[in-house]
Every structure is written in C-alpha cells, then in structure tokens.
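S.K.: Task: produce atomic coordinates for the following.
(2 chains)
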Amino acid sequence: MPRREDIKKVLVIGSGPIIIGQAAEFDYAGTQACRSLKEEGVEVVLVNSNPATIMTDKEIADKVYIEPLTVDCLKEVISKEMPDSVLPTLGGQAALNLAMELEESGFLKEKNVRLIGTTSLTIKKAEDRLEFKNTMEKIHEPIAASTVVNTVEAAVEFAEQINYPVVVRPAYTLGGSGGGIAESKEELIEICTNGLRLSRVGQCLIERCIAGWKEIEYEVMRDGNGTCITVCNMENIDPVGVHTGDSIVVAPSQTLADKEYQMLRTSALNIITELEITGGCNVQYALHPDTFEYCVIEVNPRVSRSSALASKATGYPIAKVAAKIALGYTLDEIPNAITGKTYASFEPALDYVVVKIPRLPFDKFIKASRTLTTQMKATGEVMSICTNFEGALMKALRSLEQHIDSLETGEYNGFSNDEILEQLAVIDDRRIFVIAEAIRRSISYDVIYDITKIDKWFIDKLAILVEMEQQLKTQPLTIELLEEAKRLEFPDKVIGTYTGKSEEEVKELRYSNGITKAFKMVDTCAAEFAASTPYYYGCFGSMNEVEETNAKKKVLVLGSGPIRIGQGIEFDYCSVHSVWALSQNGYETIIVNNNPETVSTDFDIADKLYFEPLTAEDVENIVRLEKPDGAVVQFGGQTAIKLTEALLKMGVTILGTSAENVDAAEDRELFDAILEECCIPRPAGKTVFTTEEALKAANELGYPVLVRPSYVLGGQGMQIAISDADVVEFMKIINRQVQEHPILVDKYLMGKEVEVDAVCDGEDILIPGIMEHVERAGIHSGDSISVYPTQNISEKTIRVIEDYTRKLANSLHVIGLINIQFIVYQEEVYVIEVNPRSSRTVPYISKVTGIPIVDLASKVILGEKIKNLGYTPGLQPKSKYIAIKMPVFSFEKIRGADISLGPEMKSTGECLGIAENFNDALYKAFLGSGVNLPKHKKMILTVKDSDKLDAVEVGRRFKALGYDIFATKSTARVLNDNGVFAIPINKIEQETPTLMDLLLEHQIDLVIDTPSNGVGKSNDGFLIRRMSIETGVTCLTSLDTANALLTSLESRREGQLEVIDIAQVK
Amino acid sequence: MKAFLILEDGTVFSGKSIGATHDVISEIVFNTSMTGYLEVLTDPSYAGQAVVMTYPLIGNYGVCYEDMESLQAWPDGYIVREISRRPSNFRSEDSIETFLKNQNIPGISGVDTRALTKILREKGTMNGMITTNEDYNLEQVLEQMKLYQVTKVVEKVTVKEKRTYLPGELGTEKVTPVKKVAMMDFGSKNNIIRSLLQRGCEVTVYPALTKAEDILEMNPDGIMLTNGPGDPSECVSIIEEIKKLYESDTPIFAICLGHQLMALANGAKTEKMKYGHRGANHPVKDLSTGKVYISSQNHGYVVIDGSIDKNVAETLFINVNDRTVEGLRYLGKNVFTVQFHPEACAGPVDSNFLFDAFMNMMEVVKDA
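M.R.: Got it, this is the predicted structure:
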C-alpha cells in the first residue's frame, strides 16, 4: 500500500522530562520518527516539555512546542496548528495516555484529527487491565491469574483459589510501597492490610506469583496489511521479579530451543494481530524454566526502552519503520536502510551477542535500598556487542563507569561461605558479583541456581570468566592464554594486575604478537547481504572488516555513556550537534558510545559508529585503526573529558580547549592563580587529602563549609558541613573510593546562584544568556529552578559577570564551550565553578535564545571565529520570552532515597516553562514537572530552625490561598505566634495521631519540609518526606522553591495559556 | 585437536576439531538461523553439504532428541564459531559435541564464521575441506576439492521402504484418519509428516524412486512432494513420475525440492543460486493478498522466473529480498507448490496454514 496522501501534518507527542522508566530512549525514537516523517514530506509539529532533547530541535520538527504535556496544552497546540493526524506511539506511556484522553473527550473528532499508528481501541485493549485480560483469554494467550481486592478477606479467598505464593500490589502507590510476595495466609494478611492502608483508593491487586520464571521479550512489528514480523527477542538473565529495565538482558535469547523460541514468537504475532497494532509493540513473557508453560506479562503497544535496545541490538530502526507504517506503507515497501537491498519485512539475524546492563543510581542514593523489584530504578543503561557472551558481559561491565572492570570487586573477600549464600538470596545490582564469588568458592551450580533461578548456562559463562581469573593468577602468561583472555574481553589492566605486569607491558606483549582488536559490522542479516552502514563493534580473535577511509579529515567524537544523575541526555544532545556541525564542515565523523537509548548511537548520525566502551584501552583500539586527525572531548560530559590524557598519550590531537587548561580549571592551585591574575574573587577554600587536614581547613574557614571531591559529576559526594562531626562523616564517605585527586573544602556562601554558558574562539566570547537560580546556593545547579533571562540581578552585576566570563575564558584559553557558576552574595560576584566544556544547560539556553551554541562551538573548534559566524561577540540581547527550567525527580522510584535537596544532584530530568511573563512561565514549568496540587487544600509545614521566620510568610501566603496548615509543634508555635493559624501535630516518633497518620488519610496536597544541614538531619523528617513521596504527595525541601510555587499559584488566572512555537525564537 | 577449513579459493581457517576427526570434502553453505541447530543438522536437504552456522553460539540448549527432523544428521561437516561447553535446557539430553561424534560428523569450531560467510556471499557457494591433518598439502587438497560434486543425494536420503504413519504417531493426537496422503520422500523433514498427521491424515511415505502407478494405486486423497537435497535437474526419472502424478488430477502440495521438480515436470528451468537461501528469516510475499510471511528456507537452486508457461502456472509467492519465485499455483489443477518450508522446524510457523489449504483442496476435490 502506498503512503496515505491525506496525511500532511502530524502532531508528535514526546515523553516529557527524563524520569526513571521514561528516559532518553524516547528522544531517540522520536527523533528517528520525526526525521522519517519529514523525509516523506510530512509537516511535523512536536510537543514535548523536555528542552534537553534533540527531537525538540527546529532541525527535527517544523513546529516545536516545549510546553507542559497536559491535555489542555495539547488542545491549544492542536487548535493553533490544525494538524490532520496525531502520532502518539513515540512518547512512551505519557503520550499514549494523553492521546487516549484527547480521543475520549471527543476533541480530536471535533477538530477532525485522527490518531495514527494506533487506535484508542488498541490502547485500551493493551492498557486496561480487564480489557487486556479479556483479549488474551479470547485468543487463548495465558496471563497470570489476578484480581483486584478491597478487603483482606477477598485477598485470602482468591489466594486459596490460585494457591500461594501470591504477589500483592497496592493500587496507586509508587515505588512498590507496601507490596510484596506472600508465601502463606499469615503473610498475605499482613502485607495486604498494610497495602490497603497505603493505597489511595484502598485497593490491592493479588496476582499469581511467577517469580523465578525466565523473562523473555519480543519486539514485534505489524503493518496495515496484517504482515507481522519480530525484530528481536531478548532474554533477561534475572528471572521474573526484577523489572526488565533493571535486569541484565541478552539478545537474542540464549537458553531457548527453537520450539520455545517459536512458541513465544507465534504468541507475540497472535497478540499484535488481535490488538490490530500498526507499528511496533513489545510483548513480555514469563516462561517456566522446566516446562513449555508461559504467561504474557505485559504488552506495550508503542515504542519503548526495549524497542530502542532491540533497534540498537539488531540495526533495525523500529521507530523509523513505525512512522512509515503510520503513513500507510507496508513493511515490504520500506527499504532496510542498513543493507539498502532488503526490506523492513524481514527478521534480523544476529551473528553476535548483545548484553545490556542497567545503570542504577545507588552511587547517588547511598542510603537507598538496592533491592531490585518490579519497580524500575535504573536511570540508564549500557549495551555491548561481542561474538561471545563472556566478552559482551565484560565490555558492558566496564562501560558502566563504576570503577569495575572485571567480575572481581574484592567486596566479598571477608565473607564466609554462609554469608555468600545469604548474599546470593539478595536480589540487587551486585548479585552477579556475588555469583562470581560463589563460583570462586566452588559453590555448586545447583546451589546457585536454586537460590537465584538464574539459568545455569549464564552461571557457566560467569564460571568461564572466573576460571580465566584463576588461570591468569596462577599460570605463566603464554600467548595462548593472553589470546583467550582477550577473546573474553579482559582489559589489559586487569590482566596486568593478575599477572603482576603493568598495563603497558600487557599491551606491548599483545602488539608484538599481533593480538589486536578487530571490528565487525552490525548489518541486520548476519553477513548474508552486503551492508553499507558503518555500525561497528570490536572483538578479539577475528578478522577486521572496517574499510579504511581517508578522503576527508577525521574527527573522533566521544559520547557520554549511560544516562545517570548528573550526566544526562543533554550531553547526547551536545555530541549529536557537534557531529552534525563537524560533518557540515567537511569532516568525517566517528562517534564512540555505548548507550543504546541515545540518538548519537543511531546508525545514521555520524559517518561511523563504534558501539564500544568508553575506556582508554577501548578507544585506543579504534584510534589505532582510524588514525583520526583529532578528537573532540568537550561535548561528552565527564566521560569524554576523563579520556583526554589517554588520547594525548595515543598521539591524538584534542580539538578545542587544551588538556592543560581543562586541568587548570579543576586543579585548585592552578585555578586560584588564574583567579588571582584576573582579580576574580571566589569563596575561600582549601585542598586537603586527609580528614585531619579537612578539619583544620574547615575551622580556619569557619562553618558552614562545602566538602567535595574534585573531578566528579553532578556534585557527587558534595555536602554542606556545619560541624566537625559532619566533616569526619563526609570524608569517610568520600574516601570509600580511592581518591586520585585532592578533596576540596570551601567556605559556603548562601547567595544567589547564576550560571553562564559561553562560546570562546580564543579571542572573543559569545554569551547567549545568563541564567539565575531560584534556590539559593547550596542546592546543586542541576536541581535548581533556573530562569532565563535573570530577574533579580542588577545591570551592573550582569556586566561584572560578562567581564568575568570573558576573563576566565581567555585565561583558560578556551576554544569551544565554557560553563561558569557564580554566586552573587551581597552585590559581590564570586566564582564557584568553571567547566571548560559543555554543560547541562546548553540545550536549554540554545533553545530559548535560538542560538545554536554547540554548532558554533564546533565550528570555533575547527578554527572559525565568532565574528565570522554572524554574531557580535559578548552577551547577546535578551529574548522576548522568559524561559524557566524546572528539575524533575524520580524519588518515588527509589525506596529509601532521601529527597532533600543539597549540593549533590538528585534530579533525573527537566522540563521547560516558556511565556512572555515570569508568572506564566513559572506556572507552565511547575505544570510540566507534574506539580499539580489536588483540591483538598491541606498541607504540612515543618521547617528547620533557621527557616522558621521565613516560613511565616510562606504560611501566610498559603493561608491566603485557602490552605489548612498542619505543622510540627515548634513550627506551629512560630506560625501561630505570628498570626498564621496552624494546627500542631505530633512528629512520627511521638504518640499517635502523628504526621504519618495524617498522610495516610490521603487528604494532604503538599508537604514542605526543610531539613537541617549536616549529619544531624532528623530521621523524622526523612520518614515524612519518604512517606509523602510514596503516597504521591508533592514534597518540597526548600523555602525558595515553595515561594516560587506560591507565586505561580497566586498569579494563576483562569483561561488558556498561550503556547509558543520555539522553532521561531531567534 | 586443531582442525582446518580449507576453501576452494585457497582461504584457510584454523580452529578446533569437534565431532568426528576424519577429513571431509563438501560444498560449504551457510545458515543464518539463531535457534534450531539440531533441526538444521537433521534436515536431509543438507546431504552433501557442510553447514556454517552464522550465529556464533551453538549448542546452548543442548540436544533435545525429540526435535530431530529425521533419524540422523546429514551434513558432511559442521562449522561454528563456538560450541557451548555446558548446555542448559529442561529437555536437553546431550551436548551437540557428543551428538556430532555419535553421528560421525567432523566439525570445526573457533572459525570466524562471519568472515567465512562474507567469502561465500561474495564468491558464491564453494567446496571446502575440513581436516585435522596439520601437514595438509594445499595444492593437492585444492585439486581434490575441485572434483567434488553434490550428486545422487536424493537416493541417499530417501526412505528405503514404504511406510505408513497414522495420527497418534510422532507425538500427534490419535484420531481417526480423515484423509489419505501419499508422500514422495526426497528427504522429508519429520514435521511435514507431523503437520499432516496433526490434521488427521494417514500418511504413506514412498521412496523417491517409486513409480507413479504404485502411488496412485492406493488412491490417495492428496500427494505431498517433500523437500530434499541436491540439484533438481539431476532427478530425471523422478520428474517423469511427477508428470504422471500431475496428470492424475490428484491434489498435490509440494515443498522445496518437490516444488522445483514439479516446475521442471512442467517445462520450467532451475538454476543454482549464488549462495542460496538458508535461514529462518526469509520474507515471502503472497501475491494474492500482498501479505508477507517470514519463512524457514533451505535451498541452493531456484525455479527461474518466467521459465514456466504462464498458461500452466502462476506465481503464488515471491521472495521480498531478491524477488525470486517462492511458490507456484498450477492453473486448472489442484496443485500448488512452495519453495520455502511451511513446516518450519527450525523457524517460524507463519505459513503452516498452507497445510490447511492442502486439506481444503483435498476436501473440495473429494466432494466434487
């Protein structure tokens, strides 16, 4: 069927801010699909509240609305743009839900707009519990028996029918709170009683327990003519019970015989056919390990994290094909872009193994529970490709950048065998290392399997790696042994450690014996057809198939690895834009990255894509082959910056700001010298190595002080200390990992924080705009509400900031991007941090000012001058719009994580509010971040002593808005003394009724709890904050944020908000 | 023990010997299925060939004997990247390595199968030798190799005697037979028989060289022509018998080699493909509906498009990738044939409705 001619203008809904479970994969899918639509001459209107995405670029869509993803905003955009169709399958669950609401309200019909890519009926059949159950029953596809109960009695009755164990899931609680597996009636009564209480609607789902079964996924495509294919299947190494997003996953499945493989494939095809999906769909199965019995766990009638993974694992561009199908094409009419010869109506054949490992945020939330459950906790993931499983696993492990490059962490050395057995039963992110340790101690496969239910095939693969460790430790390093160790992807450094050699010696031994990495192509067809798309992975013991290219100058662009808190999608945005700019300037671009969720790892972004770990050794293998003329490190975040030294050693020219100058910005003494030379003040500070030195420094500076390691991401490990005890505690935490660099102790100034991104060409600078933070210093810039242009900074101060930025950029000889954070304290400007590289705010400031700074920076790096690029150097004129970047958190997903904000970054994403005035922009920003206060108009206020007076004003303003205020006794006293009526309530540790009971009545809209600094933080506050998050109540931990929210609530007028096409902003 | 794979073009791959250790010269072909290695090994269509598996990890789920597609393994040799040292699957009874030994099939592991596949793709299917002799004389070996031809393989793989299967056998449900099917066995996979048994057919399997008269004598409701190995144009006498079966007006369904033989019997021509279709991901398009099915395939020869008289047969299916003929319907006859494998094993079962179509055809003819 040819393309439908009646589709001319399509509205694409994005997925909004990055949160756990809904991350960069939707930017990848959305960007690919938008390009695919535009290729067909379709006009694309895009709505997504997330400014850090590539899909919200004017190059990707014709009209771009970075507006809150609400029904009202979408209605406004539809009324303004009048698209003929809406494509909702690219923006995750968020977009599907919105499309359903629009459809069900009759709005789409009224506006004569159709849904393409899916129908509301399909969404309902897949998403509505009961409809899904009925649909599966109709086509005889088994699902795990389940029912919804309102009473414990009903739960027990149902459990007796389906037999124990059963899973209890309270409805509408987040983070899996209150749920669990009940093995007996007693346990069920206990869990269910608690679950019903926690549930806002007093409901629990009781489900047959299929934990321990194999978890298998299929990615399926179907076109309007009914042709169905599977793109890929995947096997979770972690059995059912761990969310697939938190599981280690391998593609294709490894332990399924053809019979099981085809049984589930046929089922997946039956399901997509029955649901009449036109596009892509993900089906998840639980497969009994000892029979052919299976259950359908879930169906996602849209692109998903798994589909992004499947696309990268196979080379099959699911989102692109889904977009074409939505336009009416059939699969056999859509060419396979990889081979150029075959069509989308075939199933990829892999001739390699793919392993995905989740990137979990427990380094950020050190107090959080690491247990993995059916609630996803990972912020991102890495993927690796190799010709064998062991190698793929080893490559993926080091891609995580968690200081682990083998299965031996040493963490379990002191454990007894019994303790290891106990640890095996703990399902968390360390389990794979525990299994390796169990193997080291000759604990049998049977025992390990009985406890973990991880298939023995995988256990054996881990054993092969453990055996190699032992061989390296005990045997002479022969060439054969070295070859085998490299085939299994042991890094030179690890081999060196085991064999008593240096990394250099191992490398020399390899090179002198011709043991080098070969690169193979991902071609969708296992070499059956010649492919032209240069998508490569490396492996040892193979023949290289990368063809030499020398026609143009080559630039290596290093990507940013897995998405983690502090290094998010922004850096992928920067890497991709840099590739495009370099390419425009006639360079051949080579990208190295390991993140399957990103646009940068799409096969048609750079001239060549190497899907490899971002370590010095892995990059060196590529450098030896490609001999690039230069490398760009300033766009890939800390991951790329960290490789600078290694690249120089390999003889690669670093394009842009030199390595010495990058160092100068991080090295306290060098940096202080530069500041002195420029006469720029900074908060007094010292560098220390030991706790004693830290204490001395802190006392000299006077408390409060900031303590942090240098060279880290997102303020990791940064804390505000108010006492000697805090310093001791924080130093202990920081020193858990061996520090190569000194630790910084700085005087803490509580002023206004201001941030600048600028491009410098060595002479001139270009500042697109200055951003001001709503929260005072002390809260990480990534967690602060950021306002452009500044609202409360005097013209004089702005000139000082501009001047300091110029001086710093010049002194550091910046060529490319620089990011500087200032504090304005008592009308004095202090520098707190300088990063001579791209930053988190680059996409935001580019979009709201219309100045493509990555593009400019890339050109400057190649030697162009700002003056010749059409810009007048210096601070650019303010835009007519106010744009506010609002951080978005995923606290509800991480049980036990403290949500209070501080110098360490905790947000996972951001959204934008843009309007002609500050109040509307702020309102949109809160709306986009999901802060939508319900109607009970009851709130809890509990603040630290130093905030008590400020809290009076906050209380007064909420009162004026009609809120009832509950407050802990001391806060209530201050409020009441100052004429703001507040109801005192007991703390959790006091006798009931307490704050906790109040929260569990589910009548509270908002909790404001400002925790005191230092380690003496009250446990009570922690519990209140956790409980509010877990029961779905908005919780703020800074009065600055509370004031901003008040401003937005007070100024809210009735009537529609104006939506702004940001592609028109200049 | 070391082993070597020497190709006709002089390329040598070294690796580790698996299975039997005797030297073997054969035609080297590659298969891209990611699962179903045992089904591939026991598919009689591989007689006379040595198979390269492009998927690098073979033997992961061991050997589940009930998955065998015939009573023995047929390829002359087996070429893989890596053999799993510890298979794991609830049905696994053996390891693939032991299986190869028991079946006396020499193999080689540790081969860069992707590099090998690229050679076969670029230069076409060629002969090769698997040897464990480290002192081989390349020139001599290459001379020997050139002489090798896949020939008389149908005779090798077909049943020696006629045999009748009833529903209830091969793990099917026991029911009263509703149809009698005569099957000419050119190297049938079990699942063709099983697919008919499941639909209530009594299946009588005849040796490939059975005379048409002997088959028609039992007055079958339908005739099944199976898959099989080798060059179809070599099967001159069989083609003569097929002509008679065609003339008998008995409903006929043919798969793979059967499809090619039926075409030859009707004046079409076949040719050897550069490197054939072997795998579980081949898209075939039903020209009457436009719908595409993913099929299991294993063939090195193909019916030349346009070589059959348009008044005799029309194209039913084509391959989406290379547009080759994948199925024919004979006009005015109850005969249809497919190049691919609706019986799957290994591979997708998407096209097994063709067995239902065959059942319908027999039903309609009987009623008429």
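S.K.: all contacts plus neighbour counts: C-alpha atoms, from now on.
M.R.: Will do.
S.K.: mind listing the helices for the stretch 251-368 of chain B?
M.R.: Applying DSSP state H, counting those that start in this stretch to the stretch 251-368 of chain B gives helices spanning B:257-265, B:353-367.
S.K.: Pick the most buried one from those.
M.R.: Counting by mean count of other Cα atoms under 10 Å in any protein chain shown, helix B:257-265 has the highest mean neighbour count of the helices of the stretch 251-368 of chain B, with a mean of 28.
S.K.: Output the contacting helices and strands for that one.
M.R.: For helix B:257-265, the packing partners by 3 or more Cα pairs under 8 Å, 6 or more residues apart in numbering or on different chains; DSSP states H and E come out as strand B:222-225, helix B:236-247, strand B:292-303, strand B:335-338.
S.K.: Which among these is found nearest to chain A?
M.R.: Minimum separation from chain A across these (Cα to the nearest Cα) falls at strand B:292-303, 5.4 Å.
S.K.: chain center to that closest one, what's the gap?
M.R.: Centre-to-centre, strand B:292-303 and its host chain are 10 Å apart (Cα atoms, centre = their mean, to the nearest Å).
S.K.: and the helices of the stretch 251-368 of chain B as TSV, adding mean pLDDT?
M.R.: Formatted as TSV, the helices of the stretch 251-368 of chain B follow (pLDDT from 0 to 100):
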stretch	mean pLDDT
helix B:257-265	98
helix B:353-367	95
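S.K.: Distance to A:Ala721 for the ones you listed - can I get that in CSV?
M.R.: Shown next, in CSV, are the helices of the stretch 251-368 of chain B (distance: least, Cα to Cα, whole Å):
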stretch, distance to A:Ala721
helix B:257-265, 81
helix B:353-367, 73
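S.K.: Residue 111: what's it in contact with?
M.R.: Because you didn't say which chain, this covers chain A. Applying Cα atoms under 8 Å, 6 or more residues apart in numbering or on different chains to A:Lys111 gives the contacts A:79, A:82.
S.K.: could you do chain B instead?
M.R.: Applying Cα under 8 Å, 6+ apart to B:Val111 gives the contacts B:13-15, B:79-82.
S.K.: any idea of the pLDDT on it?
M.R.: For B:Val111, the pLDDT comes out at 98.
S.K.: try A:Ser1018
M.R.: In this prediction, A:Ser1018 carries a pLDDT score of 65.
S.K.: quick revisit: which ones among the contacts of B:Val111 also lie next to chain A?
M.R.: The overlap between the contacts of B:Val111 and the neighbours of chain A (Cα under 8 Å from any Cα of the partner chain) comes to B:Glu82.
S.K.: So which elements touch whatever helix or strand A:Thr687 lives in?
M.R.: Take DSSP states H and E as the rule and A:Thr687 turns out to sit in strand A:685-688. Counting contacts by 3+ Cα pairs under 8 Å, 6+ apart, strand A:685-688 packs against helix A:691-701, strand A:743-747.
S.K.: what's the angle between the last one and helix A:691-701?
M.R.: For strand A:743-747 against helix A:691-701, the angle by axes from the mean of the first three to the mean of the last three Cα atoms, to 10 degrees is 20 degrees.
S.K.: Just the C-alphas of strand A:743-747, formatted as CSV.
M.R.: Presented in CSV, the C-alpha positions along strand A:743-747 are these (Å, rounded to 0.1, in the frame of the first residue of the first chain):
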residue,chain,number,x,y,z
ILE,A,743,39.3,16.9,48.2
LEU,A,744,38.1,20.5,48.3
VAL,A,745,36.8,22.3,51.4
ASP,A,746,35.2,25.7,50.6
LYS,A,747,33.5,28.4,52.6
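S.K.: wouldn't A:Val787 be in contact with A:Gly769 here?
M.R.: No: look at A:Val787 against A:Gly769 with Cα atoms under 8 Å: they stay out of range, at 10.3 Å.
S.K.: so what sits against both of those two?
M.R.: Joint contacts of A:Val787 and A:Gly769 (Cα under 8 Å, 6+ apart) do not exist.
S.K.: Kindly state the domain boundaries assigned to the chain.
M.R.: I'll assume chain A. A:9-116, A:145-208, A:214-348, A:359-512, A:518-655, A:656-681+A:749-879, A:684-748, A:931-1047 (automatic domain parsing).
S.K.: was after chain B, sorry
M.R.: As assigned by automatic domain parsing, chain B contains the domains B:2-150, B:155-367.
S.K.: Need the CA coordinates for the helix ranked longest in chain A. PDB is fine.
M.R.: Ranked by residue count under DSSP state H, the longest helix found in chain A is helix A:456-474. Once non-C-alpha atoms are left out, helix A:456-474 reads as follows in PDB (Å, rounded to 0.1, in the frame of the first residue of the first chain):
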ATOM      1  CA  LYS A 456      22.900 -22.500  34.600                       C
ATOM      2  CA  TRP A 457      24.000 -21.500  31.100                       C
ATOM      3  CA  PHE A 458      24.700 -18.000  32.400                       C
ATOM      4  CA  ILE A 459      26.200 -19.300  35.600                       C
ATOM      5  CA  ASP A 460      28.600 -21.400  33.500                       C
ATOM      6  CA  LYS A 461      29.500 -18.300  31.500                       C
ATOM      7  CA  LEU A 462      30.400 -16.500  34.700                       C
ATOM      8  CA  ALA A 463      32.400 -19.600  35.700                       C
ATOM      9  CA  ILE A 464      34.400 -19.300  32.500                       C
ATOM     10  CA  LEU A 465      35.300 -15.800  33.400                       C
ATOM     11  CA  VAL A 466      36.200 -16.800  37.000                       C
ATOM     12  CA  GLU A 467      38.400 -19.600  35.700                       C
ATOM     13  CA  MET A 468      40.200 -17.200  33.500                       C
ATOM     14  CA  GLU A 469      40.900 -15.000  36.500                       C
ATOM     15  CA  GLN A 470      42.400 -18.100  38.300                       C
ATOM     16  CA  GLN A 471      44.400 -19.000  35.200                       C
ATOM     17  CA  LEU A 472      45.900 -15.600  34.900                       C
ATOM     18  CA  LYS A 473      46.700 -15.500  38.600                       C
ATOM     19  CA  THR A 474      48.400 -18.900  38.700                       C
END
